[in-house]
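In: The following block contains a protein sequence and its predicted model.
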There are 8 protein chains.
Amino acid sequence: MSYERLTAENAAVLFVDHQTGLANGVQTQSPADFQNNVKALVTIAQVYDLPAVITTSASDGPNGPIMPIVAQGLPNAVVVHRPGEINAFDNADFAAAVKATGRRKLLIAGISTDVCVAFAALSAKDAGYDVYAVVDASGTWSKLVEDAAITRMVQAGIVPINWVAVGAELLAHWQSATGEAHAKLMGDHLPFAGNNYAGFLAAKGQP
Amino acid sequence: MSYERLTAENAAVLFVDHQTGLANGVQTQSPADFQNNVKALVTIAQVYDLPAVITTSASDGPNGPIMPIVAQGLPNAVVVHRPGEINAFDNADFAAAVKATGRRKLLIAGISTDVCVAFAALSAKDAGYDVYAVVDASGTWSKLVEDAAITRMVQAGIVPINWVAVGAELLAHWQSATGEAHAKLMGDHLPFAGNNYAGFLAAKGQP
Amino acid sequence: MSYERLTAENAAVLFVDHQTGLANGVQTQSPADFQNNVKALVTIAQVYDLPAVITTSASDGPNGPIMPIVAQGLPNAVVVHRPGEINAFDNADFAAAVKATGRRKLLIAGISTDVCVAFAALSAKDAGYDVYAVVDASGTWSKLVEDAAITRMVQAGIVPINWVAVGAELLAHWQSATGEAHAKLMGDHLPFAGNNYAGFLAAKGQP
Amino acid sequence: MSYERLTAENAAVLFVDHQTGLANGVQTQSPADFQNNVKALVTIAQVYDLPAVITTSASDGPNGPIMPIVAQGLPNAVVVHRPGEINAFDNADFAAAVKATGRRKLLIAGISTDVCVAFAALSAKDAGYDVYAVVDASGTWSKLVEDAAITRMVQAGIVPINWVAVGAELLAHWQSATGEAHAKLMGDHLPFAGNNYAGFLAAKGQP
Amino acid sequence: MSYERLTAENAAVLFVDHQTGLANGVQTQSPADFQNNVKALVTIAQVYDLPAVITTSASDGPNGPIMPIVAQGLPNAVVVHRPGEINAFDNADFAAAVKATGRRKLLIAGISTDVCVAFAALSAKDAGYDVYAVVDASGTWSKLVEDAAITRMVQAGIVPINWVAVGAELLAHWQSATGEAHAKLMGDHLPFAGNNYAGFLAAKGQP
Amino acid sequence: MSYERLTAENAAVLFVDHQTGLANGVQTQSPADFQNNVKALVTIAQVYDLPAVITTSASDGPNGPIMPIVAQGLPNAVVVHRPGEINAFDNADFAAAVKATGRRKLLIAGISTDVCVAFAALSAKDAGYDVYAVVDASGTWSKLVEDAAITRMVQAGIVPINWVAVGAELLAHWQSATGEAHAKLMGDHLPFAGNNYAGFLAAKGQP
Amino acid sequence: MSYERLTAENAAVLFVDHQTGLANGVQTQSPADFQNNVKALVTIAQVYDLPAVITTSASDGPNGPIMPIVAQGLPNAVVVHRPGEINAFDNADFAAAVKATGRRKLLIAGISTDVCVAFAALSAKDAGYDVYAVVDASGTWSKLVEDAAITRMVQAGIVPINWVAVGAELLAHWQSATGEAHAKLMGDHLPFAGNNYAGFLAAKGQP
Amino acid sequence: MSYERLTAENAAVLFVDHQTGLANGVQTQSPADFQNNVKALVTIAQVYDLPAVITTSASDGPNGPIMPIVAQGLPNAVVVHRPGEINAFDNADFAAAVKATGRRKLLIAGISTDVCVAFAALSAKDAGYDVYAVVDASGTWSKLVEDAAITRMVQAGIVPINWVAVGAELLAHWQSATGEAHAKLMGDHLPFAGNNYAGFLAAKGQP
């Protein structure tokens, strides 16, 4: 297995069922951690201008609308409201939207890890994509379930990853064009990095 | 490895040694969580009319009778009381009952994960079935043991899964015939879903 | 400090803001554990015919309606919908309903432990009641918050208790009139007790 | 509050409802830890010849018989089988047996901490005894419940303690008559102590 | 002990050493949780227009500048940079600034709970203030230390509290003038509340 | 990968460096749990008359002598004291002793999981044995290390297993000759099983 | 209760049974954390030139010699080897050594928290000293035992504290004579502080 | 997969971004544990004279300088300051320095596990090296992220390992030339080993 990197040119990001009602079912992270991690992945999509597809499951029912941090953070994303398909790839519009990105590497996050993420990831893998499950921008009902879901995906060749690693692989070099925006992303969503940055400026006597 | 889905036509479910005495040995989940997860898998078998085989180990001794939530929830399941075989597939009646379901995909849950589930799963895999270990409707004596048991099964190609994912793969589409029953299943066994549903109806002004 | 017992004659139970929306904020127990514990306290109120007052906070908004297990379990309870008072005792109807129970000992449970339970408990203590916080039928946003809330209440002389202890103090003797209903309560909500009971009957050769 | 020590002359130990069925409900320690801790307290009673009273609740039903490590370890203890009283002190025989020990300091352990231990401890305190709750030879359904139970007892002036501290306070000096038996107790029930002892002898070249 | 409530007229809030370098030492909460909790307390001070005093310890050294979320969130707060006093009340300017607020009830948060919060709280209590330690907007090096620090404060009569309870006690009634701002505070910092709100609006068909 | 079972005829058990000094370094289980698990594996070797090889590393130094529960439990085992080889298979006597058992399936337990167990297991695998790491009769310095060690072994095709599963695979059928001894093993080392057994007998009215 | 501060003139520190054999029994912290915390308290005694009394229990037996970090760190401390008294104050030499310090405030740390620390602390309190239990430079067999021991001490009016708080109360002001040594203490034993310091110097362009 | 051992002749060690600012972001171990583990790996490099390459990322900015324990412990290591490349192998000097070691087996540790370690490890694996990730001398932001990072590396054939196992494989035999230095390494960084050693000497009557 060779190590082919994520780039802003080969990757797309899929937000699967980050809906307000479903978010209340996440028990694998503290709510503030989850909120922070999802927001960070949204920001990565913005900073790297990744094609993004947002999809929902029965969003006019109790699952609720798209989480505002996702909807507002990606105003230009393609949105596919699925009337009832659990597996997002069973919806032709979604599958087409993913294909239309022209990317081979799919970053998939969602609620829940075991259903919305795993099903889409397994289908995407089957369809020939390189698939990454962004586990910290995803969540589910219990640690036992999360572990089983990640193991099931890994068993099928899907790569588990986290938003910091996604961002770092896309950035590649701090002198890239996205360097400054990336530094802000890190400072905003990894508090120690923000603290270090503020402390450093102060030590330098900079405002 | 291609992703072949669970359907109501290709899957059977095996409840291996969900007995009252053994249930008292489960330390990997809170008792209420375990009770809830087992009941949910039972309900899935009902809702999707999956062939179900229940088996026990020395049920006239201290292991105790079948947990009432299993026995009462599946009154039409085939029940095989094993006089002494630890591995359920060593009992010819059980092996025959499984074969008689005509299904290739076996969902196995039980107590304990490391013995009753793992042994049956490894034998089923050997016999050519596609095997899924339903880890949250199963339990054992410690987290260390549970992890080792799941790893051993995964090493042999068995798929770890949870009841929500099993149900979702069977449902496939919310407009399926089982949609309404499935919604009730979710509301009853994932409390946040029930809360969302009640809140949604109230917001709509519906009773 | 003398030990005056809870009895069916001296105790009332207050369910403060067990609403579907708020229930989704509980992170101090697994959802199934919380559901189970609340249901058990509801059943205790039924079995011992305790005066019960249910109150809600802005139940026509996002906090949602009363959790069905509370509303349906106590159809005869007094219900006070508070339009905006955070502290239930600031609502004259609620305070009057509590007073009308004629009981000096108040069992208070609710969501959240730090606000709805603690505020009502502190006010009740101030008003001269003997106050018990039923901590496992209550919940809140984090363990740190729960500990702080319980400590604050204990500092003020409020007694922390759990539903099993509440029930046991009310039962007092297994040969009481409520013995049989109490045994069912235990079997239904403490799974090991139900397992023991089923195993015992089986060993006795009873159905 | 002055520090009056436990001695072999002023203390008695009460084993409240250490029954096999109830033991299966303990979730606050691993089963091996609980078994080990109870056995250690039993041994302390033997080594220091403390008056011991064993009591059970409905031991001919699903709660089961006295745990063998308690019954066999204390063959001369007074045993009071309570037909139905939850609070052991509500049983006149038990109260009399405790009084008959002639001791003012009561070490109470049992299952569950929140009911059998707490109720007996609160009543004993009320009756004027100095009361110690031996928390590690006791157990209950969840950590939240255990914490609440201990807090409730501490609020009433009961002293929380563990078997090592009980034993050490009774021993007082390693050159006491019980020194050798006490060393064996420690080696058997605190594995690091046994390891240290064996390692020390080996280093000394002693068998 | 009577229950005197926090109001916007009787309370002041003290931010003690929320500095970027010290923030990196907090291990009692996830960084995102801590960031979120501090920001929430800052917002409470804004919404209720509470007198706020911010103080730092050697902020021109490695402890670093005030955390931006505190400094920027409270541009009008009095800021006292302490050159070397560990206990903020040992600094005359700080003590005077607190006195100048004219409030008797002090809400104290800071880094670390065991030093900056505890020392200030103990001195404030000694000086006759009613003191509240806002434990979730504070943090320290380990859970053991946090527990010891809170216990030490409680032993001295200081009230442990969390930001949600502080806010709720100040709000008192949802129809207060601050109701709308308070709802936004809750939605922003308790994610489930934000999710509920968005879901409720969607169900109502509101944007 | 086919599922070939452990039998009393094809398996040997290796106890690698269960020494008193090393046992004090185990932090992955409570001491009582570890003691209990090691003793159980020793008993399995006795009950099934498995060839057993015990080895030590520098046992005349601070690592200390063989844990008494191992040495005394297996008086007839071959014991190889290694003067300095870390990897037991680097010691010719040990390698010969293992070979002399004539078994292809090796059950390896020891302290520590990452060194003594992993090294021996990797070498045994390399030498063509079927290797099982008995993870609960082994221990090490931290959970992170234990997980890494097990993963490293699994990566090399070694099977992680626990003593209950080892015993159950050897037993195969409760009516085997070892059935009674096996029941005693379970009752002694899985406390819930002992409790169930005692409760069952009592319900049956048997002593 | 008024807040009287620890000073270099009113405090003494007692190291009770920090022996190598006993140290292996500590399960309430990771070994590296415990080592670090004990070393920090030793350094505080050095930096503030506090009278220190070290005592051991049967140090010529399996409990082992004084931990080298204590013995070597405090070469001038009074050392009292107790032949057999469990409670250090039962040894006349120890009690005299403590009295000879002329200090009213005693900082007590040791192994184990429930025996060596608690017994000495309770006796010291009884003798009229102001007593502080330094909980993080102490340890014991389990979290349950640690909590019970601290609660027992708090119940008797003993103050729980940690080494950072002890040091900070002694320092009082960073411009004190001990300021530089104190900064080194913090940098060495609170890694984040050392990191901040190194980062600050680097930002300043200082070596 | 055959088991080829680490030796002092075939291994090199890479310290990737152990910088003071980044160290403050590690949340997967306690700071003292992390400090201890990194120092131990540094000492192994010294004791076995392994070629070591240290690299940093933007060390003149907020990430900070090399942690002193790394820089001072390995004064002769090659140091490559990367101006901006996230993946150390993207820096030609670093890649050349690694190649110049002439070793095929690379031990990689760093901050963070998911970025600095994983990226370098994946690239090294791709380049044909045998790669080991030293997981306990590495750290990251959360357990979920650490698990995902290790799984991703294992999926690519990288071996997870810890410093004790690295050292033990290099030592191979206690009578090796490095035996004495190795014993000191163990005593210094695994506290129980140091305790055992001191206790052993004392029992032998050696100073």
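Out: Arrived safely. Numbers count the residues shown, from 1 in each chain, chains lettered A, B, ... in the order given.

In: Now do the SS call for the residue nearest to the spatial centre of chain A.
Out: In chain A, the residue lying closest to the centroid (Cα atoms, centre = their mean) is A:Ala109, at 4.1 Å. Look at A:Ala109: counting by DSSP: H, G, I helix; E, B strand; the rest coil, its state is strand.

In: Quick one: residues contacting it.
Out: When contacts are counted by Cβ atoms under 8 Å, 6 or more residues apart in numbering or on different chains, A:Ala109 touches A:Val13, A:Leu14, A:Phe15, A:Val16, A:His18, A:Val38, A:Leu41, A:Val117, A:Ala133, A:Val134, A:Ala137, A:Ser138. In short, each C-beta sits where N, CA and C put it, glycine included.

In: what residues go with each domain of chain A?
Out: A:11-172, A:174-206 (the TED database).

In: Show me what counts as buried in the last one.
Out: Okay, so that is domain A:174-206. Neighbour counts over domain A:174-206 (16 or more other Cβ atoms under 10 Å in any protein chain shown) mark A:174, A:176, A:178, A:181-183, A:185-187, A:189-203 as buried.

In: For it, what is the distance to the chain centroid?
Out: How far domain A:174-206 lies from its chain's middle: 22 Å, per Cα atoms, centre = their mean, to the nearest Å.

In: in chain A, what residue is nearest chain G?
Out: A:Ala203 (3.5 Å; Cβ to the nearest Cβ).

In: My understanding was that A:Tyr3 contacts H:Ser123; is that so?
Out: Yes. Contact criterion Cβ atoms under 8 Å: A:Tyr3 and H:Ser123 qualify, at 6.1 Å.

In: Now do the contacts for A:Gln72.
Out: Contacts of A:Gln72 by Cβ under 8 Å, 6+ apart: none found.

In: cutoff 10 Å now
Out: Contact partners of A:Gln72, counting by Cβ atoms under 10 Å, 6 or more residues apart in numbering or on different chains, are A:Val42, A:Ile66.

In: Check the secondary structure at A:Ala120 for me.
Out: Looking at A:Ala120 with three-state DSSP, the answer is helix.

In: and it, how far is that from chain D?
Out: 36 Å (Cβ to the nearest Cβ, to the nearest Å).

In: Now do the nearest residue to that residue once chain neighbours are set aside against A:Gly157, distance only.
Out: The spatial neighbour of A:Ala120 that comes closest, neighbours along the chain excluded (Cβ to Cβ, 6 or more residues apart in numbering or on different chains), is A:Ala88 at 4.6 Å. Using Cβ to Cβ, to the nearest Å, one gets 19 Å for the distance from A:Ala88 to A:Gly157.

In: more crowded one of these two?
Out: For A:Ala88 versus A:Gly157, the count of surrounding residues by other Cβ atoms under 10 Å in any protein chain shown is larger for A:Ala88: 29 against 14.

In: Give me the below-cutoff pLDDT ranges for chain A.
Out: A:1, A:207 (pLDDT under 70).

In: who's in contact with A:Ala11?
Out: A:Ala11 touches A:5, A:44-45, A:48, A:50-51, A:101, A:103-107, A:130, A:132, A:166, A:169-170, counting by Cβ under 10 Å, 6+ apart.

In: from those, which ones fall inside strands?
Out: Of the positions in those, A:Lys105, A:Leu106, A:Leu107, A:Asp130, A:Tyr132 sit in strands, assigned by DSSP state E.

In: which two from these end up farthest apart in space?
Out: Spatially, the most separated pair among the ones in strands among the contacts of A:Ala11 is A:Leu107 and A:Asp130, at 9.9 Å (Cβ to Cβ).

In: The residue nearest to A:Leu171 when sequence neighbours are not counted sits in which helix or strand?
Out: Residue nearest to A:Leu171 in three dimensions, not counting chain neighbours: A:His182, with 5.0 Å by Cβ to Cβ, 6+ apart. A:His182 is located in helix A:179-189, with elements delineated by DSSP states H and E.

In: can you list contacts of that helix?
Out: Residues contacting helix A:179-189 (Cβ under 10 Å, 6+ apart): A:36-37, A:39-41, A:43-44, A:46-48, A:163-164, A:167-168, A:170-171, A:173-174, A:176, A:178, A:192-198, E:31-32, E:35, E:68, H:25, H:58, H:61-62, H:84, H:86, H:141.

In: If you count neighbours, what's buried in stretch A:109-129?
Out: In terms of neighbour count (16+ other Cβ under 10 Å), stretch A:109-129 has its buried residues at A:109-125, A:129.

In: For it, C-alpha coordinates in PDB please.
Out: C-alpha atoms of stretch A:109-129 as PDB (Å, rounded to 0.1, in the frame of the first residue of the first chain):
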ATOM      1  CA  ALA A 109     -17.800  12.700   8.200                       C
ATOM      2  CA  GLY A 110     -21.300  12.400   9.600                       C
ATOM      3  CA  ILE A 111     -23.700  11.300  12.300                       C
ATOM      4  CA  SER A 112     -23.700   8.500  13.000                       C
ATOM      5  CA  THR A 113     -20.300   6.900  12.500                       C
ATOM      6  CA  ASP A 114     -21.800   3.400  12.400                       C
ATOM      7  CA  VAL A 115     -24.600   4.200   9.900                       C
ATOM      8  CA  CYS A 116     -24.300   7.400   7.900                       C
ATOM      9  CA  VAL A 117     -20.500   7.400   7.700                       C
ATOM     10  CA  ALA A 118     -19.900   3.700   7.500                       C
ATOM     11  CA  PHE A 119     -22.500   2.900   4.900                       C
ATOM     12  CA  ALA A 120     -21.500   5.800   2.600                       C
ATOM     13  CA  ALA A 121     -17.800   4.900   3.100                       C
ATOM     14  CA  LEU A 122     -18.300   1.200   2.300                       C
ATOM     15  CA  SER A 123     -20.300   2.000  -0.800                       C
ATOM     16  CA  ALA A 124     -17.700   4.600  -1.900                       C
ATOM     17  CA  LYS A 125     -14.900   2.100  -1.400                       C
ATOM     18  CA  ASP A 126     -16.900  -0.400  -3.500                       C
ATOM     19  CA  ALA A 127     -17.300   2.200  -6.200                       C
ATOM     20  CA  GLY A 128     -13.600   2.600  -6.400                       C
ATOM     21  CA  TYR A 129     -12.900   5.800  -4.400                       C
END
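
In: Most neighbours among the contacts of A:Ala109, which one?
Out: A:Ser138 (34 neighbours).

In: in chain A, which spans are helices?
Out: A:20-23, A:31-47, A:68-71, A:92-100, A:118-126, A:143-155, A:163-171, A:179-189, A:191-203 (DSSP state H).

In: what distance separates the first one from the centre of its chain?
Out: Which is helix A:20-23. The chain centroid and the centroid of helix A:20-23 are separated by 16 Å, computed with Cα atoms, centre = their mean.

In: check whether that helix contacts chain C.
Out: Yes. Judged by Cβ under 10 Å from any Cβ of the partner chain, helix A:20-23 comes into contact with chain C at A:Gly21, A:Ala23.

In: Okay then, goodbye and thanks.
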